[in-house]
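>>> what follows is a predicted structure for the sequence shown.
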Amino acid sequence: MAERVTFDYSIAKKFISDEEVRMIEKTVENARNELVGKSGAGNDFLGWIDLPVNYDKEEFARIKKAAGKIQSDSEVLLVIGIGGSYLGARAAIESLRHSFYNSVSKEIRKTPEIYYVGNNISSTYIRHLIEVIGDRDFSINMISKSGTTTEPAIAFRVFKKLLIEKYGKEEAAKRIYATTDKSRGALKNLATEEGYESFVVPDDVGGRFSVLTAVGLLPIAVSGADITKLMEGAASQRERCLNDGFTDNDSMKYAAIRNILLRKGKNIEILANYEPSLHYVSEWWKQLYGESEGKDQKGIFPASVDLTTDLHSMGQFIQDGQRTMFETVINLEKQKHEIVLEEEEVDLDGLNYLAGKTVDFMNKSAMKGTILAHTDGNVPNLVVNLPEENEYYIGQLFYFFEFACGLSGYMLGVNPFDQPGVESYKKNMFALLGKPGFEDQREELLKRL
Ligand SMILES: O=P(O)(O)OC[C@H]1O[C@](O)(CO)[C@@H](O)[C@@H]1O
């Protein structure tokens, strides 16, 4: 087991020649020069590159202090945000903490329950969450870089009212933590007006690259995970991404291989995990790659599966359907807990042949068997090895994917740091909601409905 996150495409070698890899090396090297030299498109959004070593230490200490306060005065934390304003935190918390974090006893969890809201517009979801909170003490971390995103703003209105009804305006304000732009936007104005403790999303860090800012760090710290180790892991990966040559540089190799495969018509990438705790790492990854690469009619469509679960639903298609995909498997090398299957006197279920074996041995056998089966079905399989689910390696994993994403976007010839396409639905929604300024579009849209 390597003591770091690594990338391995050896099993996909029948789809990729050494010559192809050699020929693309220069393109990846150029992309890295553009990224690190800050000379490419979107270069005013590259603050994430240095974040693991160059972050606001005073704010970092404040995040830890705020997390401590929330832990001591709240049974529930609501994380209000959408896209990059919640996915990174959720990915880290679900990977690092208990599989049943919210339902396990307080003695085991030791920290507040954490619920995510403002990532949809469902009134039923909101009502049910109000019921879950009941009359318990709670706090809110409202996260929005722009400060104007509709989904979280709606949820914030509802839960802010609840908080004020419960504690009164003054005490409620002490239970609201705003993570937003340092000077602009509705949320910043509200925070200043009402005196909420505020944390900053730096100007040069886009939402999907913001997990290592207060956006991710405050909820992660509240969950009891060690954010210092998270940053250390990311910093160690940054070192390698920035300095290692192609042969030793896993992010560069991942960016290279996925672009080779794209050029061969593999325009769907499926991120596969074999651990339920990694489900939200995939959700985070999908936003990262989808918003970064899917533009100008280009890009690899990022999809994900949870295995072995989805082998019983999507497995048929991956094995045998249209051949337009490749798969990237996250291989978790070491379990937090192990279970050994015991022998039964009468082997009615026929499983005694597995007696004495660990459940993880079975999971890994399923994984290895699936990798080979999918390879035989002409789905190239790439592997990202994650040594363990701890803060250090999750920090490495985040940075590994972020850096490869920047490289990959430049190799594709797009600006990986904007998301102009997201505006279209917003304009239509505003028009249909009757937002002032959208009257003309409203008329047009209503005719079409
Ligand atoms: O933090 P904000 O500004 O609320 O944005 C949330 C998400 O919405 C998007 O801007 C897309 O609408 C994402 O890029 C971002 O992560």
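Structure received.

>>> residues of the stretch 301-449 of the chain that sit close to the ligand?
When proximity is defined by Cβ under 6 Å from any ligand atom, the stretch 301-449 of the chain lies next to the ligand at 419, 422. The way it works is simple: take the backbone N, C-alpha and C, and place the C-beta from them, glycine included.

>>> just the helices in the stretch 301-449 of the chain please.
Under the criterion DSSP state H, counting those that start in this stretch, the stretch 301-449 of the chain contains helices at 315-320, 359-376, 391-412, 423-433, 439-448.

>>> where's the shortest one relative to the chain centroid, distance-wise?
Yep, that's helix 315-320 we're talking about. Distance of helix 315-320 from the chain centroid (Cα atoms, centre = their mean, to the nearest Å) equals 26 Å.

>>> ok, and what's touching it?
For helix 315-320, contacts defined as Cβ atoms under 8 Å, 6 or more residues apart in numbering pick out 270, 305, 325, 327, 370, 373-374, 377, 379.

>>> try it again at 10 Å.
Contact with helix 315-320 is made by 268, 270, 272, 303, 305, 307-311, 325, 327, 370, 373-374, 376-379, as judged by Cβ atoms under 10 Å, 6 or more residues apart in numbering.

>>> spit out the contact partners of the residue nearest to the spatial centre of the chain.
Closest to where the C-alpha atoms of the chain average out (Cα atoms, centre = their mean) is W284, at 2.1 Å. Residues near W284 by Cβ under 10 Å, 6+ apart: 83-84, 86-92, 95, 208, 211, 216, 397-398, 401.

>>> wait, does stretch 144-154 contact the ligand?
Yes. Counting by Cβ under 6 Å from any ligand atom, the ligand is contacted by stretch 144-154 at 144-146, 149, 152.

>>> the longest strand in this structure is where?
In the chain, assigned by DSSP state E, the strand with the most residues is strand 325-332.

>>> flag every buried residue along it.
The neighbour-count check on strand 325-332 (16 or more other Cβ atoms under 10 Å) flags 325-332 as buried.

>>> now swap in stretch 123-137 and tell me
125-126, 129, 133.

>>> one more: stretch 45-62?
45-49, 51-52, 55, 60, 62.

>>> among the contacts of W284, name the ones in helices.
In helices, defined here by DSSP state H, the members of the contacts of W284 are 87-92, 95, 216, 397-398, 401.

>>> and stretch 410-430, end to end?
End-to-end distance of stretch 410-430: 33 Å, with Cα to Cα, to the nearest Å as the criterion.

>>> in three-state terms, label the residue nearest to the centre of the chain for me.
Taken by DSSP: H, G, I helix; E, B strand; the rest coil, the conformation at W284 corresponds to helix.

>>> from Q441, how far out is it?
Noted for W284: a distance of 32 Å to Q441, by Cβ to Cβ, to the nearest Å.

>>> and for Q335?
53 Å.

>>> could you do A155 as well?
Taking Cβ to Cβ, one finds A155 at 25 Å from Q441.

>>> could the buried residues of strand 325-332 go into JSON lines alongside pLDDT?
Below are the buried residues of strand 325-332 laid out as JSON lines (pLDDT from 0 to 100):
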{"residue": "M325", "pLDDT": "98"}
{"residue": "F326", "pLDDT": "98"}
{"residue": "E327", "pLDDT": "98"}
{"residue": "T328", "pLDDT": "99"}
{"residue": "V329", "pLDDT": "98"}
{"residue": "I330", "pLDDT": "98"}
{"residue": "N331", "pLDDT": "98"}
{"residue": "L332", "pLDDT": "98"}
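
>>> how is the protein partitioned into domains?
Using the TED database, the domains assigned to the chain come out as 6-41+230-412, 50-228.

>>> out of these, nearest to L449?
domain 50-228 (17.9 Å; Cβ to Cβ).

>>> could you pull out the strands for the stretch 51-200 of the chain?
All strands of the stretch 51-200 of the chain, identified by DSSP state E, counting those that start in this stretch, fall at 76-80, 113-117, 138-143, 176-180, 197-200.

>>> format these as CSV; extra columns: mean pLDDT and distance to the ligand.
Output for those, formatted as CSV (pLDDT from 0 to 100; distance: least, Cβ to the nearest ligand atom, whole Å):
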stretch, mean pLDDT, distance to the ligand
strand 76-80, 99, 10
strand 113-117, 99, 13
strand 138-143, 98, 6
strand 176-180, 98, 8
strand 197-200, 98, 12
